[in-house]
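Chemist: Pasting a predicted model and its sequence here:
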Amino acid sequence: MSAIELYLIRHGIATDHGTYAQDSERPLTDEGQERTRQVAQRLYELGIQFDLIQTSPLIRARQTADILQLAGLGRSLKESSYLAPEGSFEDWVSWLQSWEGKRLAIVGHEPNLGEWTERLVWGSVHHHLVVKKAAVIGLLLPKSGSAVGNSQLFWLTPPKLLL
């Protein structure tokens, strides 16, 4: 595996729990869409470009990924069940080992994104990272060997610092 810049992005502000029969159907609110657009625009202004935007299949994550793509941050977008709340970190890491791009964005949920970041950086979960809605985490994954416990955190930004 060559070095990869991995950006973990939490979906934007969504409707409240319990407002839809299925949690997977909860969309972004108008405010969530607008704030996510502003974050995406700022990332674009910073020159961020993704080879792939990979997203949870849940509506709120897919809407967030669509906003990132429409902002010009990446041409390729793919849904992945690994990024759903019940998704498998191990299966995603196996997929990642065969991926040949350089810059990847994954759009997902809490607590997964915080836990996945901790596993990639420290090798275990400590429940110390909290990823706000529309926040961005940047990791540099190693050129060779396992990314788990060997990745470097280079960016942890709540959305208010990008607005």
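Modeler: Good, I have the coordinates.
Chemist: Model confidence for Ala21, exactly?
Modeler: Model confidence at Ala21, given as pLDDT, is 86.
Chemist: quick one: what helix or strand has it in it?
Modeler: Under the criterion of DSSP states H and E, Ala21 resides outside all helices and strands.
Chemist: roughly how far apart are it and Pro57?
Modeler: Distance, Ala21 to Pro57, by Cβ to Cβ, to the nearest Å: 17 Å. Placement of C-beta: from N, CA and C, glycine included.
Chemist: what ranges do the strands span in the chain?
Modeler: For the chain, the strands defined by DSSP state E occupy 4-10, 52-55, 77-79, 103-108, 136-141, 152-157.
Chemist: Mean neighbour count, mean pLDDT and distance to Ala65 for the ones you listed - can I get that in CSV?
Modeler: Output for the strands of the chain, formatted as CSV (neighbours: other Cβ atoms under 10 Å; pLDDT from 0 to 100; distance: least, Cβ to Cβ, whole Å):
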stretch, mean neighbour count, mean pLDDT, distance to Ala65
strand 4-10, 23, 98, 8
strand 52-55, 23, 98, 4
strand 77-79, 15, 98, 6
strand 103-108, 24, 98, 5
strand 136-141, 20, 97, 13
strand 152-157, 14, 95, 18
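Chemist: Can I get these in a markdown table including distance to Gly87?
Modeler: Output for these, formatted as a markdown table (distance: least, Cβ to Cβ, whole Å):
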| stretch | distance to Gly87 |
| --- | --- |
| strand 4-10 | 13 |
| strand 52-55 | 11 |
| strand 77-79 | 11 |
| strand 103-108 | 8 |
| strand 136-141 | 17 |
| strand 152-157 | 21 |
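Chemist: And these: which comes nearest Val39?
Modeler: The closest approach between Val39 and any of the strands of the chain, judged by Cβ to Cβ, belongs to strand 136-141 at 7.2 Å.
Chemist: now that closest one: how far from the chain's centre is it?
Modeler: Distance, stretch centre to chain centre, for strand 136-141: 9 Å (Cα atoms, centre = their mean, to the nearest Å).
Chemist: what's that strand packed up against?
Modeler: Packing partners of strand 136-141 (3 or more Cβ pairs under 8 Å, 6 or more residues apart in numbering; DSSP states H and E): strand 4-10, helix 112-122, strand 152-157.
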